[in-house]
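**Student:** need a structure here:
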Amino acid sequence: MYEEYYGLSACPFRLTPDRRFWFGSEGHRKAMSYLKYGLYQGEGFIVITGDVGTGKSTLISQLFEELDENDVVAATIGTTQVDPENVVRLICDAFGVQPASDDKASMLTAFEQFLVEQNQYGRRVLLVVDEAQNLPMRTLEELRMLQNFTLGGQPLFQIFLVGQPQFARTLAHPDLAQLLQRVTASYRLEPMTEQETSEYVVHRLEMVGWQGNPTFTPEALSRIYAETKGVPRRINTLANRIMLFSALEELQEITPETVETVVADLKKEAFAASRPAEGTTEGQGAPVPPGHPAHPAHPAQIAAASVAAEQAVLAAVNALASRISLLESRAEDHDRAIREMIEIVSTLLEQSMAEEPPRRAGGF
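**Tutor:** As a prediction, this is how the structure comes out:
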C-alpha cells in the first residue's frame with residue numbers, strides 16, 4: 001500500500017527473513033566470522049545463539065549465499081522436536097539421500113555413502129540445525145554420533161547449531177559433556193546499537209529505491225531504537241506500521257511524534273486482541289457505533305489489522321518460550337539434585353557395609 005505512494009519497488013520491512021536485505025551489524029559480522037572459522041576448521045560443532053528476532057535465520061541465509069557449491073554441500077533443518085531416528089530421516093531428506101529402506105540402519109548406511117562420495121568430489125558436507133533449543137538430549141547425542149563419520153582420519157560431516165539463549169544451558173547438562181567438548185566455537189548474537197538501528201532502517205529503505213521521501217528525523221530514529229531495543233524483527237514491525245501510517249496521512253517527514261502515535265496504536269491493538277470481535281460489544285452482537293472505545297480510532301488500524309494480530313501472536317510465543325525455558329531450568333536442577341542424592345545414599349551404603357563386622361556361620 002505505502003510502497004506505491006512513496007515510489008518503492010517492494011516492502012522494505014517484511015518480517016520474513018530475506019538475505020537480499022542483509023545488514024552487517026558488528027554482531028552479525030562477528031557471528032559470520034565464527035561460522036566461517038568453523039568451515040575453515042572443518043570439524044566439530046559451531047553454536048550461534050540469540051534472542052527471538054535478532055536475525056539468526058537471516059545470518060544463515062547469508063552464509064548459504066556466500067558458500068561455494070563446489071566446495072561445500074549445505075542443508076538446513078528447522079523442525080527439531082524429533083527423536084533420534086526421525087532426525088536421521090530429516091537429514092537424509094535435506095541432502096536428498098535415498099536409503100534402500102526406511103529403517104535407521106539403512107538410512108545411516110546411505111548417508112555415510114553420501115558423505116564418502118562428497119569427499120571424493122572434494123566437497124565438505126555442512127548441516128545447519130535451526131531452533132536447536134527444541135532438540136531433545138537424545139537427539140543431540142545422535143548428532144554427535146553422526147560426526148564420527150570419518151575417512152582416513154578426516155571428518156566428513158560438520159554441524160552448526162543455531163538457537164535461542166536457553167540452548168546454552170542445555171549444552172551445559174552433564175549428559176552432554178562429550179558433545180560440549182566438540183564445540184569448537186560459540187557466539188551469542190546481540191541486538192543492534194542505536195547507531196546501527198538508524199543505519200539498518202536507512203539501508204532497508206535504500207534497497208527498495210527510497211529517495212528520501214519520507215524523511216526520518218534523527219529523533220524519530222532514536223525513538224524507534226528506544227521502542228525496539230535494536231531487535232531487527234521488532235524494528236521491521238514498527239517501521240512497517242510507521243510507513244503505512246505516514247502514507248495514509250500523506251506525510252513527507254517522520255518525526256518522534258509520528259513514532260509515538262504509531263506506538264500508541266500498536267499498544268491499543270495488542271490490548272484489543274483479547275477483547276470481543278471488532279464491531280460488537282462483549283456478550284452481544286450489536287455493532288459498535290463510531291466514537292465507542294472499541295471502534296477503530298484511525299483507518300491505519302483497519303488497514304493493518306493482520307499486522308496487529310501477528311504481533312499479538314509473536315508476544316504470546318515469546319512469553320511461552322520464556323515459561324518453557326524456566327521449566328527446563330527447574331527440571332535440570334531437579335534432575336541434578338536427584339543424582340546427587342543417589343550418589344550420597346550409595347556412598348553411605350558402601351561405608352555401612354564396609355564397617356559392618358562379618359557374621360559367623362549360622363548367624364550367631
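
**Student:** Number of residues surrounding I77?
**Tutor:** I77 is flanked by 17 other residues according to other Cβ atoms under 10 Å. (C-beta placed from N, C-alpha, C; glycine too.)

**Student:** I'd assumed C92 was in contact with it.
**Tutor:** No. Between I77 and C92 there is no contact under Cβ atoms under 8 Å: 10.6 Å.

**Student:** hey, what's in contact with both of the two?
**Tutor:** With contacts taken as Cβ atoms under 8 Å, 6 or more residues apart in numbering, I77 and C92 have no neighbour in common.

**Student:** helices and strands around whatever helix or strand K268 lives in, which ones?
**Tutor:** Assigned by DSSP states H and E, K268 belongs to helix 256-272. Applying 3 or more Cβ pairs under 8 Å, 6 or more residues apart in numbering; DSSP states H and E, one finds that helix 256-272 makes contact with helix 218-228, helix 232-248, helix 299-303, helix 305-355.

**Student:** For these, which has the smallest mean pLDDT value?
**Tutor:** Here the lowest mean pLDDT among those goes to helix 299-303, at a mean of 45.

**Student:** The nearest residue to L135 once chain neighbours are set aside - how many residues pack around it?
**Tutor:** Nearest non-adjacent residue to L135, counting by Cβ to Cβ, 6 or more residues apart in numbering: T80, 4.8 Å away. T80 sits with 19 neighbouring residues when counted by other Cβ under 10 Å.

**Student:** quick one: buried residues of stretch 6-15?
**Tutor:** Buried residues in stretch 6-15, counted by 16 or more other Cβ atoms under 10 Å: 6, 8, 11-13, 15.

**Student:** Export those residues to CSV and append columns for pLDDT and distance to L35.
**Tutor:** Below are these laid out as CSV (pLDDT from 0 to 100; distance: Cβ to Cβ, whole Å):
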residue, pLDDT, distance to L35
Y6, 96, 36
L8, 96, 32
C11, 95, 28
P12, 96, 26
F13, 95, 26
L15, 86, 23
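
**Student:** Which members of the residues you listed occur in helices, if any?
**Tutor:** Counted as lying in helices by DSSP state H, out of these, are Y6.

**Student:** can you redo the buried residues of stretch 6-15 as TSV with distance to I254?
**Tutor:** Listed next are those as TSV, based on distance: Cβ to Cβ, whole Å:
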residue	distance to I254
Y6	11
L8	14
C11	17
P12	13
F13	13
L15	20
